[in-house]
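Enquirer: coords please:
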Amino acid sequence: MRWLITGGCGFIGTSLIKQLVEEGGHYIRVIDNFSVGTRDDLACVCDFVEVDASFSCFTFPLSSQAEPLVQLVVGDILEEDLALKVTKDIDVIVHLAANTGVAPSVEDPRKDCVTNVIGTLNYLEGARFNGVKRFVFASSGAPLGEQEPPLHEEMAPHPVSPYGASKLAGEGYCSAYYRTFGIETVALRFGNVYGPGSGHKNSVVAKFIKQALAGQTLEIYGDGTQTRDFIYIEDLVRAIALAAIKEGVGGEVFQIATNCETTVQEMVEALLQVIKEAGVPEPKVTYGAKRQGDVMRNYSNTSKATEKLGWSAEIKLGDGLKQTLKYFL
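Expert: You can find the predicted model right below:
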């Protein structure tokens, strides 16, 4: 298949590309503005050729034996003309590029909206203009907001953060482009993703590991009783790959998580045990103020993904934390 991956130099993007390259037979085009990931991050998982974003058109090599099979285009998802060019001759778009996280959206709601809503619209338009069959959208549990878990796809969304609102808008546009234009959109609501390759992430697992290795104090926002659904990167990548090829899932939304409710305190205790076993000095843990826009309970019912995608999470938290710490070490 011919893939376009926006934000492909980031944590999830490079992990997906690594799997596709190992499978073989795929052509991959990456667009990234290096706001998080870098050329070096992409180089860690594959050989690639950088293509000038000013080119009037983009093509893949004619021979399946031509190397490398990964193209990098440096550009921003807000560049409308570029979106129309790079989506040409593509079978599936995986739209990962976004302004991520609750805190940045609270600090700058307008930037969050423009990046996440207009950026998504640009690549849906690219799909429409160029006849791209499948569009996989990276969403989140944030559109649902503060609700009694487990979260599931039939719940009415009530976002509590600007980030949740912008991701909900993206899901809405995906639904509209499926029903109006026939583009097979699939929205995946990711749980809290962690794992090897997350060096640039500031989500709780990556942040706490980096702080622990630097001898710094770990600060939990609130009292640690807030719950999350921590999903290991390899499980997540399998879900994306299935969403790109599975028949009969156009227009659908899926919760992609572990169906396991874990408090932040429980995660930290598991992490401290892993750190201790690795011979790393145990960090001090403190508690601070609860963050604006954070939900207290968050975990997902993933039965729809199991039924329609044939997917379920396999990696347990303790095992995933060990592999993640090993990566950072």
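
Enquirer: from here on, contacts and neighbour counts on C-alpha atoms
Expert: Will do.

Enquirer: Let me know how buried A214 is, in neighbour terms.
Expert: Residues lying near A214 (other C-alpha atoms under 10 Å) number 11.

Enquirer: Distance of it relative to V74?
Expert: Computed as C-alpha to C-alpha, to the nearest Å, the A214 to V74 distance reads 32 Å.

Enquirer: just Q147 next, same as before
Expert: Q147 is 39 Å from V74, by C-alpha to C-alpha.

Enquirer: next one: V295
Expert: 35 Å.

Enquirer: next one: N301
Expert: Distance of N301 to V74, given as C-alpha to C-alpha: 37 Å.

Enquirer: Can you list the buried residues in stretch 154-162?
Expert: By neighbour count, with 16 or more other C-alpha atoms under 10 Å as the criterion, the buried positions of stretch 154-162 are 157, 159-162.

Enquirer: Do a quick rundown of the strands in this protein.
Expert: Ranges of strands within the chain are 2-6, 27-32, 49-51, 70-74, 92-95, 134-140, 184-190, 192-194, 218-221, 227-228, 230-232, 252-256, 262-263, 285-288, based on DSSP state E.

Enquirer: Redo the ones you listed as CSV? Include distance to S203, mean neighbour count and mean pLDDT.
Expert: Putting the strands of the chain into CSV (distance: least, C-alpha to C-alpha, whole Å; neighbours: other C-alpha atoms under 10 Å; pLDDT from 0 to 100) gives the following:
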stretch, distance to S203, mean neighbour count, mean pLDDT
strand 2-6, 20, 24, 98
strand 27-32, 20, 25, 97
strand 49-51, 29, 14, 94
strand 70-74, 25, 21, 97
strand 92-95, 20, 25, 98
strand 134-140, 14, 25, 98
strand 184-190, 13, 26, 98
strand 192-194, 8, 23, 96
strand 218-221, 12, 18, 96
strand 227-228, 12, 22, 94
strand 230-232, 11, 26, 98
strand 252-256, 17, 25, 98
strand 262-263, 15, 19, 97
strand 285-288, 16, 13, 96
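
Enquirer: is it possible to export those to CSV including distance to L82?
Expert: Formatted as CSV, the strands of the chain follow (distance: least, C-alpha to C-alpha, whole Å):
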stretch, distance to L82
strand 2-6, 12
strand 27-32, 10
strand 49-51, 12
strand 70-74, 10
strand 92-95, 14
strand 134-140, 17
strand 184-190, 21
strand 192-194, 29
strand 218-221, 40
strand 227-228, 37
strand 230-232, 32
strand 252-256, 27
strand 262-263, 41
strand 285-288, 43
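
Enquirer: Mind checking those strands for the one nearest to E307?
Expert: Closest to E307 of the strands of the chain is strand 252-256 (C-alpha to C-alpha; 10.6 Å).

Enquirer: which outside residues touch the closest one?
Expert: Applying C-alpha atoms under 8 Å, 6 or more residues apart in numbering, the contact partners of strand 252-256 are 141, 151-153, 175, 185-191, 236, 239, 300-302, 304-305.

Enquirer: give me that answer again for 6 Å
Expert: If you take C-alpha atoms under 6 Å, 6 or more residues apart in numbering as the criterion, strand 252-256 is touched by 186-190, 302, 305.

Enquirer: same deal with stretch 151-164?
Expert: Residues outside stretch 151-164 that contact it (C-alpha under 6 Å, 6+ apart): 102, 105, 109, 142-145, 165, 293, 300-301.

Enquirer: Show the end-to-end separation of that stretch, please.
Expert: Using C-alpha to C-alpha, one end of stretch 151-164 lies 14 Å from the other.

Enquirer: next one: stretch 96-115
Expert: The straight-line separation of the ends of stretch 96-115 (C-alpha to C-alpha) is 12 Å.
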